[in-house]
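A.B. asks: Pasting a predicted model and its sequence here:
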Amino acid sequence: MSSYHPHEQTLAQLPQPSSVEIQHSEKLVEMVARAIEQQGGMISFREYMNHLLFAPGLGYYSAGLFKFGSAGDFVTSPEISPMFGRTLANQCEQLFDQGCQRRILEFGAGSGKLCEQILGKLENLDSYLILELSADLRQRQQRYLQKALPFEIFDRINWLDSLPDKFDGIVLANEVLDAMPVNRVKKNTRWFELGVGYIEGRFSWGYLPGTGDAITYIENLEARFGPYDDGYTTEVNLNYLPWLKALAETSHQIVALIIDYGYECAEYYHPQRQQGTLLCHYHHRVHSDPLVLPGLQDITASVDFDAVADAAEKAGFDVIGLVSQGRFLLDNGLLDEVGFNDRSGNTLAQLDVAQQIKTLTLPDEMGEKFKVIALKKNLDIELPAFLAKS
Ligand SMILES: C[S@@+](CC[C@H](N)C(=O)[O-])C[C@H]1O[C@@H](n2cnc3c(N)ncnc32)[C@H](O)[C@@H]1O
């Protein structure tokens, strides 16, 4: 029998983790293996992903490893350029001018850079709230922003670990939905939900017994877009509705700007997308095996923007529209921010700024795959960036 193992093939192509990383990962593996044993040998992939990203003190986002920027595992738009946050601030200003309360609630603030960029541009903001699930990231954001911002501006930021009782204003979520744990389903004559077991010291895939909401969801999609071949594997994100419902319930007047990479439904669940959209990021290498490097790599799934729009309407929002990140930024004055970013006049700095603009807006970089969906509740506002262009 061959000794080939798919995990080994993935690992051979990735940088070796350090001994500190390995020790850290082993603690998480022990905890997840115990959870698997307690549940009879398998947990859903959604539960596995939740542990791997958010287990207190151990998960990828909850523990102290460096994640963002060139020294981490991946780079997000606010890490690429301060012009990203300043342009988003322009969009917020337009909303404030139309009667939206001058408050911002940012979900999942990462390194804190987006908050720094927005507060650097918006004066007279009543408050800036950050809802961050990871206690470690919260501490890092506090340390970073305390240094980066003058005291009177830093003083306007408050950190939350759950939704406030009441919030009216603007909600921002950049690359948050792609980190929400997804259910994974696979067709093998019929649809199965994938689970994760722990056998001989390794995580392994298995089929969960029974059916649930994720199976109902994919069966309905198959009736629209299929039939899918045996082996077709994809993800279903069941978090959008409860997340948006909770948000709608805390607010009377609100606008949400949700930015992420993803597709509309027909493209997401295209019969040719045989292995879904699940991706893992480790030291700037991208692969699709979430069972390796537990706790050391980011695990993400693209966003289904039609599902977000449906969930938003069910939750009581109106959908303002969906646009590409490139168009959103250009329509909101990205190019006017060049002067802020490059005050030196030196050629290398100018090239750097030009590269940042390209990365954020070009279709084959982040310009098309990243999109912005805008939602509103009880506000009579218009956002020109979301109006159809003839
Ligand atoms: C990929 S990072 C993006 C960070 C940052 N927004 C940026 O653009 O650089 C995902 C962030 O979302 C947070 N997160 C994931 N799910 C969340 C949720 N349901 N509520 C709040 N934060 C969440 C993570 O802890 C992390 O800070």
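C.D. replies: Sure, I can see it.

A.B. asks: Can you tell me how far Gly108 is from Arg285?
C.D. replies: In this view, Gly108 and Arg285 are 23 Å apart by Cβ to Cβ, to the nearest Å. All C-beta spots, glycine's among them, are computed from the backbone N, C-alpha and C.

A.B. asks: Also Met180?
C.D. replies: Distance check for Met180 against Arg285: by Cβ to Cβ, it reads 23 Å.

A.B. asks: ditto for Ser324
C.D. replies: Counting by Cβ to Cβ, the gap from Ser324 to Arg285 is 26 Å.

A.B. asks: Between those two, which has more neighbouring residues?
C.D. replies: Ser324 (17 against 14; other Cβ atoms under 10 Å).

A.B. asks: Give me the spatial nearest neighbour of the more buried one, chain neighbours excluded.
C.D. replies: Using Cβ to Cβ, 6 or more residues apart in numbering and skipping residues adjacent in sequence, the residue nearest Ser324 is Glu368, 5.0 Å away.

A.B. asks: does the one you found really touch Val323, like I thought?
C.D. replies: No - applying Cβ atoms under 8 Å, one finds Glu368 not in contact with Val323, separated by 10.3 Å.

A.B. asks: If you count surrounding residues, which of the two has more?
C.D. replies: Neighbour totals were compared for Glu368 and Val323, and Val323 leads with 20 against 15 (other Cβ under 10 Å).

A.B. asks: model confidence over the host helix or strand of that one, on average?
C.D. replies: Taking DSSP states H and E as the criterion, Val323 maps to strand 318-324. In this model, strand 318-324 has a mean pLDDT of 97.

A.B. asks: Ok, stretch 290-302 next?
C.D. replies: 95.

A.B. asks: likewise stretch 88-104?
C.D. replies: Stretch 88-104 comes out at a mean pLDDT of 96.

A.B. asks: Would you mind listing what in this protein touches the ligand?
C.D. replies: For the chain, the residues in contact with the ligand (Cβ under 6 Å from any ligand atom) are 61, 68, 76, 78-79, 107-110, 114, 131-134, 137, 174-176, 179-180.

A.B. asks: In strands, which of these fall?
C.D. replies: Counted as lying in strands by DSSP state E, out of the residues of the chain next to the ligand, are 107, 131, 174.

A.B. asks: Can you say which of those residues are buried?
C.D. replies: 107, 131, 174 (16 or more other Cβ atoms under 10 Å).

A.B. asks: Measure how far the helix or strand harbouring Ala256 is from the centre of its chain, please.
C.D. replies: Here Ala256, judged by DSSP H and E, is contained in strand 254-263. Its chain's C-alpha centre and that of strand 254-263 lie 10 Å apart, by Cα atoms, centre = their mean, to the nearest Å.

A.B. asks: Could you do stretch 234-244 as well?
C.D. replies: 12 Å.

A.B. asks: how about that stretch: buried residues?
C.D. replies: By 16+ other Cβ under 10 Å, the buried positions in stretch 234-244 come out as 234-238, 240-241, 243-244.

A.B. asks: where do the helices sit along the stretch 201-350 of the chain?
C.D. replies: 213-225, 240-250, 265-268, 305-315, 325-331, 338-341, 347-361 (DSSP state H, counting those that start in this stretch).

A.B. asks: what's in contact with the helix or strand containing Glu93?
C.D. replies: Assigned by DSSP H and E, Glu93 falls within helix 82-97. Residues from elsewhere that reach helix 82-97 (Cβ atoms under 8 Å, 6 or more residues apart in numbering): 77-78, 102, 104, 113-118, 120-122, 170, 172, 255, 257, 328-329, 332-334, 336-338, 340-341, 353, 356-357, 360, 381, 383-385.

A.B. asks: check contacts around the residue of the stretch 101-250 of the chain found nearest the ligand.
C.D. replies: When you check the stretch 101-250 of the chain against the ligand by Cβ to the nearest ligand atom, the closest residue turns out to be Gly108, at 2.2 Å. Taking Cβ under 8 Å, 6+ apart, we find Gly108 in contact with 131-133, 173-176, 179.

A.B. asks: likewise Ala248?
C.D. replies: By Cβ under 8 Å, 6+ apart, the contact list for Ala248 reads 254, 315-317, 377.

A.B. asks: Toward the C-terminus, what is the element adjacent to the helix or strand hosting Leu28?
C.D. replies: If you go by DSSP H and E, Leu28 is part of helix 19-38. The helix or strand immediately downstream of helix 19-38 is strand 43-44, counting by DSSP H and E.

A.B. asks: Neighbouring strands of that next one in the sheet, and parallel or not?
C.D. replies: strand 190-199 (antiparallel) (DSSP bridges).

A.B. asks: and the partner strand, how far from the chain's centre?
C.D. replies: On Cα atoms, centre = their mean, the centre of strand 190-199 falls 24 Å from that of its chain.

A.B. asks: which intervals of the stretch 151-300 of the chain have sub-threshold pLDDT?
C.D. replies: Within the stretch 151-300 of the chain, no stretch has pLDDT under 70.

A.B. asks: how about a cut-off of 90?
C.D. replies: Within the stretch 151-300 of the chain, the ranges that satisfy pLDDT under 90 run 161, 210-211, 225-226, 283-285.

A.B. asks: which other helices and strands contact the strand or helix carrying Tyr128?
C.D. replies: Using DSSP H and E, Tyr128 maps to strand 127-131. Taking 3 or more Cβ pairs under 8 Å, 6 or more residues apart in numbering; DSSP states H and E as contact, the helices and strands that strand 127-131 lies on are strand 103-107, helix 113-121, strand 157-160.
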